[in-house]
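Participant: Let's see this in three dimensions:
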Amino acid sequence: MSNITKQPHYVYRKYLKPWTQQKKIYCLSNNKKIFLTNIMNIGKENYFYEFKLCTDKEIEMGKYFAKNSCDSLMHIYEKLNRELKEAYNISNSTTKNEIIEFARQSEEKYFNCMVEDRLKQTLNLLYKEDFSFLENEINSMQFFHAITEQYCRTKKIKENTNKMCLELNDPDIRGNNIWFLIRHSIAFKIGLSLFQEKYQVCLLKNENCNFITSDQPVINFHSDFDGIPTEFELYYPISPSLALMVSKQEKYLDKNVITIDDDEAIKWNDLIAKLSYNQIYSHKKELLEKYIIK
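Facilitator: So this is what the prediction gives:
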């Protein structure tokens, strides 16, 4: 198990490459300090996707979220939980540790890699302003699922899940334990809804390359992450010059690429910065300086 990913990234590393220069990217951390760093050093956390042993109540909550949408995932969830539970009763420490390490890497290896592969294929087309993937139903569904998975897989969403569970005031329900299933279930349901309701997909283009991004790169621009929004539309900067919109607003309908001026790009940057967790990124240091709190 020596190849386990101990510091998985919750922001897809290859996604950040368009903002790099000589493999470096500018990062503003906690609105305090800007530094130049490698993309390997940001948007990550030790054992971020670790699968943990769940209580019976957590299993039941998982079933509630997975109902009628992610039943097959629920079976995997329960199987992993059984095997992890059995591992703690194994006297052979080597075998026990191997099973625990497998649980730590299972989601990163078997779920996130699949989503990132789908994002990679779509992003490579969008960089060329190619929307042909939407012409095929399967490819279109996979695109909506991949983008909502990225929306749900971050530190900010994980913290909100923990907050929700703490408000239940039940020691047998912990956000870190059920986040695995909740986020996949929510991502699947949101992605399917966007597909079925035929949301428009278009690109915003800024010729001066003024878009920034963050550790919460996909945002619902109707949300402040403190409550349940009544509307759902996504904004996702994909390079310094291009940002993806998933919307039902009339101004975005029947348009593939919309060129916007610097002032509008900065307004979107302000929203990305506001809804970030604690890091925002750019290829230009000056674009981050306005967000420093002195």
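Participant: In CSV, list the C-alpha atoms belonging to stretch 149-159.
Facilitator: Extracted C-alpha coordinates of stretch 149-159, given in CSV (Å, rounded to 0.1, in the frame of the first residue of the first chain):
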residue,chain,number,x,y,z
GLU,A,149,-19.2,16.2,-8.3
GLN,A,150,-16.5,18.9,-8.3
TYR,A,151,-19.0,21.3,-6.8
CYS,A,152,-19.6,18.9,-3.9
ARG,A,153,-16.1,17.5,-3.3
THR,A,154,-14.4,20.5,-1.7
LYS,A,155,-13.4,21.4,1.8
LYS,A,156,-16.1,24.0,2.0
ILE,A,157,-18.9,21.5,1.3
LYS,A,158,-17.4,19.0,3.7
GLU,A,159,-17.4,21.6,6.5
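Participant: Quick check: which element contains residue 203?
Facilitator: strand 200-205 (DSSP states H and E).
Participant: and that strand, what does it pack onto?
Facilitator: strand 242-247, strand 257-259, helix 262-274 (3 or more C-beta pairs under 8 Å, 6 or more residues apart in numbering; DSSP states H and E). Where C-beta positions appear, they are placed from N, C-alpha and C, glycine not excepted.
Participant: Deepest in the core, which of those is it.
Facilitator: For those, the largest average neighbour count (mean count of other C-beta atoms under 10 Å) is found in strand 242-247, namely a mean of 22.
Participant: hmm, back to that, looking at the helices and strands packed on strand 200-205, spot the one closest to residue 120.
Facilitator: With C-beta to C-beta as the measure, strand 242-247 is the member of the helices and strands packed on strand 200-205 nearest residue 120 (14.2 Å).
Participant: ok, longest helix in this structure?
Facilitator: As assigned by DSSP state H, the longest helix anywhere in the chain is helix 175-196.
Participant: Show me what counts as buried in that one.
Facilitator: Using 16 or more other C-beta atoms under 10 Å as the test for burial, helix 175-196 gives 175, 177-191, 194-195.
Participant: The closest residue to residue 185 other than its chain neighbours: neighbour count?
Facilitator: Spatial nearest neighbour of residue 185, chain neighbours left out: residue 65 (4.2 Å); criterion: C-beta to C-beta, 6 or more residues apart in numbering. Neighbours of residue 65 under the rule other C-beta atoms under 10 Å: 19.
Participant: in the stretch 1-150 of the chain, which spans are helices?
Facilitator: 13-16, 56-66, 71-87, 93-107, 113-126, 137-152 (DSSP state H, counting those that start in this stretch).
Participant: can you tell me which of these the model trusts least?
Facilitator: Lowest mean pLDDT of those: helix 93-107, a mean of 70.
Participant: hang on, residue 100 packs against residue 86?
Facilitator: No - look at residue 100 against residue 86 with C-beta atoms under 8 Å: they stay out of range, at 11.2 Å.
Participant: and the nearest residue to residue 205 once chain neighbours are set aside, what is it in contact with?
Facilitator: Leaving aside its chain neighbours, residue 205 sits nearest to residue 259 (4.8 Å; criterion: C-beta to C-beta, 6+ apart). Residue 259 is in contact with 204, 205, 206, 207, counting by C-beta atoms under 8 Å, 6 or more residues apart in numbering.
Participant: Among those, name the buried ones.
Facilitator: 204, 205, 206.
Participant: check contacts around residue 54.
Facilitator: 62, 81, 177, 178.
Participant: ignore the last one, residue 188
Facilitator: 69, 70, 145, 148.
Participant: Max pairwise distance over the contacts of residue 54: which two?
Facilitator: 81 and 178 (10.7 Å).
Participant: On the pLDDT front, check the residue lying closest to residue 244 once chain neighbours are set aside for me.
Facilitator: Nearest non-adjacent residue to residue 244, counting by C-beta to C-beta, 6+ apart: residue 236, 4.3 Å away. At residue 236, the model reports a pLDDT of 97.
Participant: just checking, residue 236 touches residue 242?
Facilitator: No - in this structure, residue 236 is not within contact of residue 242 by C-beta under 8 Å, at 9.7 Å.
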